[in-house]
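Novice: Give me coordinates for this.
(one chain, ligands or ions: 1)
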Amino acid sequence: MAVLKTLRLQLRFLLPLLVALVAAAYLSVPFLDQLTLRWFSRDLNSRGMLVANALSDSVAEALQADRSTRLKALFERTTQDERLFAIGLCSPDNRLLQSTAGYPPALSCAEAVTLSAQADPRLQLTGGTVNVGSHPVLGMLPGSPQLLGRLILLHDLSFIDRRSQDTRRYLIGLITALGVVIAFITMVVAQLSWRGWVKGTRALMRGEGILTPWLPAPELAPLATELRARLRDLEDEYRRAQGPDATWNAARLRSLLRTQLSGDQVIVVSNREPYIHERSDGGIIVKRPASGLVTAVEPVMRACSGTWIAHGSGSGDREVVDAFDRVGVPPAHPEYSLRRIWLTEEEEQGYYYGFANEGMWPLCHVAHVRPVFRESDWEAYRKVNQRFADAVVAEARGEDPVVLVQDYHFALLPAMVREKLPQATILTFWHIPWPNPESFGICPWRREILRGMLGSTILGFHTRYHCKNFIETVDRYLEARIEHEHSTISYKQKETLVESYPISIEWPGDAEVAAWAPVDACRRRVIERLGLPADVCLAVGVDRFDYTKGIIERMHAVERLLEKSPEWIGRFVFVQVAAPTRSALEEYRSFQQRVQRLADRINQRFGRPGYEPVRLLAQHHEHDALTELFRAADICIVTSLHDGMNLVCKEFIAVRDDLRGVLVLSRFAGAARELNEALIVNPYHVEETADALQRAATMPEAEQRERMASLRSTVREFNVYRWAGRMLADAGRWRLRSRIEARVRRYQAE
Ligand code: ADQ
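Specialist: Purely as a prediction, here's the structure:
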């Protein structure tokens with residue numbers, strides 16, 4: 001292929017050159033013909049003079065002695081010369097006295113003399129063209145020389161034609177040979193200099209000394225480095241510039257997709273599907289899973305109408321898909337395509353419950369639950385990653401789709417996709433924290449995981465801290481080149497940008513806000529439904545039922561608050577909504593039981609008839625129900641022991657358009673880096689958290705407003721469209737860069 005391309009390029013260059021040379025040859029031939037003809041005519045004249053001079057004495061003698069037979073014999077002998085066509089002898093009064101056999105009878109002496117005096121003395125005969133020359137024959141009589149007659153010499157010109165043809169052939173051959181030699185030399189020189197140029201450009205893109213291959217002057221190397229650094233700085237400035245000052249929304253994201261990734265296909269890969277079809281008595285019902293990832297990625301997919309590949313986990317999932325396992329979602333108004341992957345029970349056990357949730361999840365969350373690594377789980381994880389990677393390749397319409405890989409379930413997938421689709425732009429977002437190198441080091445397959453992730457073009461974490469941990473981990477376990485200044489890792493000739501993209505939520509639109517019940521009404525309904533005291537101070541926690549969320553720690557804090565400030569007994573209620581999750585795992589089941597036992601104990605200790613300080617609602621709640629609960633609450637408690645970001649706190653802020661309510665937030669959640677106006681706590685410190693609850697419960701309304709207004713402006717601005725937009729804009733720029741690089745490579749191959 002590359003050879004063909006090379007040939008094509010060279011022909012494109014050489015053909016015009018050859019054509020030009022051949023044309024030059026043909027144009028120059030008539031000119032050369034004229035030139036040679038003139039040379040030959042001149043040559044024939046002098047030759048004629050020589051012949052005439054040689055014959056002159058014999059002719060004069062024969063004329064004077066009147067020996068015409070001798071004269072004839074002399075003429076016949078002379079015309080044996082192949083170039084001398086015929087000889088005629090004319091008297092001074094232009095009578096033809098003698099002539100050889102070939103002499104044209106129609107050519108009179110007068111005519112011959114006149115013709116010979118012309119610039120082009122040629123005469124066309126039936127046998128060919130002749131040159132006519134007339135030369136005086138003088139008799140040496142005493143006194144002065146006397147004109148005895150004129151010798152008319154007819155020289156055959158056909159040999160000139162023959163010679164001209166020979167010359168033409170020789171000339172064309174020469175020019176062609178010359179052309180070939182010139183073309184060959186040009187080609188070699190062009191190849192060499194092109195290679196050098198390409199090498200230089202690639203080196204520049206790789207960030208190596210560009211000019212060194214060509215320029216012996218080493219003093220130019222700093223200039224190249226400076227140029228490169230300047231370009232990087234500009235890029236960094238651009239990235240910073242599109243930060244907080246511009247508002248991100250669905251329209252802006254769509255326009256970014258149109259302008260920077262125009263026509264490019266977007267494929268999302270995640271374990272969790274955004275819509276689950278469940279079989280029920282009344283037929284098939286659709287559920288939205290409780291997942292921060294789904295909450296964040298769904299608006300992006302709606303904006304770009306791509307394909308979302310996920311595990312089909314619902315009991316009714318198979319019934320609604322088409323022959324290609326696809327279904328349009330959202331079900332009411334399909335905006336993008338959901339492609340479901342089916343997993344066997346063993347696969348799900350090994351890949352999802354085993355390696356991902358008993359291994360990677362506790363490994364990345366420093367939550368004091370020991371990770372479990374089994375060889376069989378690892379095998380299943382690898383196999384399932386490969387199946388999803390194959391699905392990405394099958395769904396790809398071109399060779400360079402934009403693939404958004406979600407989370408720790410697919411650490412190996414980026415490299416697997418990269419292998420099949422080297423041109424793809426792979427954005428991997430790691431939704432959970434990344435631990436320090438020592439903690440990560442306990443994973444038996446740490447290198448494989450890192451290699452898999454470095455198949456990504458861009459690797460995103462929520463915070464700079466997680467990026468730093470990842471880079472240090474790579475530094476510890478792989479032979480890779482790390483550029484800390486620009487946060488890039490080069491591994492096996494492939495560069496990965498490691499960047500922080502704090503995830504967020506979709507800021508509610510006007511229609512959604514208009515549909516909300518007033519805060520008082522929400523409060524009344526919640527109080528009524530849960531049978532709470534009318535003057536209750538209501539604190540809420542909303543989480544997946546996971547040990548990393550600090551549910552036990554916050555209950556301890558509630559208990560401590562009631563201990564320290566007994567005036568709250570009967571008035572302070574903590575409602576924990578916990579969506580059952582990963583219940584197939586023993587660790588989760590026992591955790592959920594521990595939480596239940598703790599709630600029971602606190603309720604026994606501080607409860608009384610009609611009052612329970614802790615209400616544990618271990619159910620999945622619909623979005624509207626959560627909105628109502630958040631709007632009804634006085635306090636929202638988020639005490640994760642370790643959390644990539646945490647979206648619950650942002651959801652709480654988003655629905656509090658009354659500017660009331662206080663957020664108590666763990667410093668170990670990524671969100672704490674943005675939401676400075678929350679009451680930030682260390683959840684391991686029960687006393688501190690209990691005090692924060694006291695402060696929240698008694699916070700003056702004005703302070704609540706102040707804090708909430710500021711929190712709201714942060715979340716509105718740093719919304720999920722900004723998260724996706726920044727990532728996709730970086731991807732767009734990266735694609736542009738790699739397209740240029742590919743073009744350079746193509747030229748090189750040609
Ligand atoms: P999660 O660990 O799932 O996400 P989180 O960010 O808190 O954590 O998101 C949970 C989502 O589930 C929220 O949208 C919430 O409303 C919803 N949810 C929780 N309980 C629910 C219930 N009982 N019923 C219905 N819905 C419920 C992971 C990381 C986080 C990161 C997100 C996004 O662990 O740190 O913020 O991904 O990247």
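Novice: Just the strands from the stretch 551-700 of the chain, written as ranges.
Specialist: Secondary structure of the stretch 551-700 of the chain, counting by DSSP state E, counting those that start in this stretch: strands at 572-579, 614-617, 635-638, 662-666, 679-681.
Novice: Make TSV out of these and add mean neighbour count and distance to the ligand.
Specialist: The C-beta positions use only the backbone N, C-alpha and C, and glycine is treated the same way. Listed next are these as TSV, based on neighbours: other Cβ atoms under 10 Å; distance: least, Cβ to the nearest ligand atom, whole Å:
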stretch	mean neighbour count	distance to the ligand
strand 572-579	22	3
strand 614-617	20	8
strand 635-638	28	8
strand 662-666	26	11
strand 679-681	21	16
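Novice: For those strands, could you give me a markdown table that also reports mean pLDDT?
Specialist: Listed next are those as a markdown table, based on pLDDT from 0 to 100:
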| stretch | mean pLDDT |
| --- | --- |
| strand 572-579 | 98 |
| strand 614-617 | 98 |
| strand 635-638 | 98 |
| strand 662-666 | 98 |
| strand 679-681 | 98 |
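Novice: In a markdown table: the ones you listed, plus distance to Leu412.
Specialist: Below are those laid out as a markdown table (distance: least, Cβ to Cβ, whole Å):
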| stretch | distance to Leu412 |
| --- | --- |
| strand 572-579 | 28 |
| strand 614-617 | 37 |
| strand 635-638 | 32 |
| strand 662-666 | 31 |
| strand 679-681 | 36 |
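Novice: which parts of the helix or strand hosting Arg735 are buried?
Specialist: Assessed by DSSP states H and E, Arg735 sits inside helix 720-749. Buried residues in helix 720-749, counted by 16 or more other Cβ atoms under 10 Å: 720-732, 734-735, 738, 744, 748.
Novice: how about the residues of the protein near the ligand?
Specialist: Proximity of the chain to the ligand (Cβ under 6 Å from any ligand atom) is limited to residues 290-293, 295-296, 431-432, 503, 542-544, 577-579, 620-621, 626, 643-648, 651.
Novice: In ChimeraX, select just the buried ones from those.
Specialist: Restricted to buried positions by 16+ other Cβ under 10 Å, the ChimeraX selection for these reads:
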select :290,291,292,293,295,296,431,432,503,542,543,544,577,578,579,620,621,626,643,644,645,646,647,648,651
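Novice: got the residue ranges for the strands in the stretch 151-300 of the chain?
Specialist: Secondary structure of the stretch 151-300 of the chain by DSSP E, counting those that start in this stretch: the strands cover 266-269, 276-280, 283-287.
Novice: Deepest-packed of those strands, please.
Specialist: Of the strands of the stretch 151-300 of the chain, the one with the most neighbours on average (mean count of other Cβ atoms under 10 Å) is strand 266-269, at a mean of 26.
Novice: How many residues are close by Lys492?
Specialist: Counted by other Cβ atoms under 10 Å, the residues lying close to Lys492 total 11.
Novice: got the contact list for it?
Specialist: Going by Cβ atoms under 8 Å, 6 or more residues apart in numbering, Lys492 touches Leu454.
Novice: now do the one 3 residues further on
Specialist: Applying Cβ under 8 Å, 6+ apart, one finds that Glu495 lies in contact with Thr488, Ile489.
Novice: Okay, and it sits in which element?
Specialist: Using DSSP H and E, Glu495 sits within strand 494-500.
Novice: Paired strands for that strand, with orientation please.
Specialist: Neighbouring strands of strand 494-500 in its sheet, by DSSP bridges, are strand 458-461 (parallel), strand 488-491 (antiparallel).
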